[in-house]
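Engineer: structure here, sequence nowhere to be found:
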Ligand SMILES: [Cu+2]
């Protein structure tokens with residue numbers, strides 16, 4: 001199980017290709033989210049504040065990344081292979097979707113840099 005988790009973290013560091021919630025590493029870094037097969041993969045990423053999330057369109061058709069509540073600037077149309085990055089500087093939950101395919105939804109959960117004590 002421990003080994004599986006290590007592999008999981010490597011997958012996240014590369015191109016996130018796991019379903020469900022992904023826990024990022026402690027340090028501020030970049031987290032990759034693939035856009036593939038009309039889905040954001042992973043749909044939910046949990047990252048510490050200061051993390052840059054980079055979306056890469058791996059579909060043959062354009063997609064966008066747009067905040068559901070103006071929590072961050074929307075991407076332009078992303079053609080195949082295009083990327084869009086945003087650095088999240090405030091903790092919170094950022095829901096987003098593709099304006100071309102509104103059923104495509106994702107979420108970035110940004111946690112405080114220092115975990116809250118009891
Ligand atoms: Cu789309």
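Structural biologist: All right, it came through fine. Computed from a predicted structure; not experimentally measured.
Engineer: what residues does the protein have near the ion?
Structural biologist: 63, 98, 100, 101, 104 (C-beta under 5 Å from the ion). For every residue, glycine as well, the C-beta is placed using N, CA and C.
Engineer: now the strands for the protein?
Structural biologist: 21-23, 30-36, 39-41, 44-48, 52-57, 66-67, 83-87, 92-97, 105-111 (DSSP state E).
Engineer: closest to the centroid, which residue in this structure?
Structural biologist: In the chain, the residue lying closest to the centroid (C-alpha atoms, centre = their mean) is residue 33, at 4.5 Å.
Engineer: what's across from it in the sheet?
Structural biologist: Following DSSP bridges, residue 33 is listed with bridge partners residue 55.
Engineer: got the confidence number for it?
Structural biologist: Looking at residue 33, its pLDDT is 98.
Engineer: any weak-confidence spans in this protein?
Structural biologist: Counting by pLDDT under 70, the chain contains low-confidence ranges at 1-28, 114-118.
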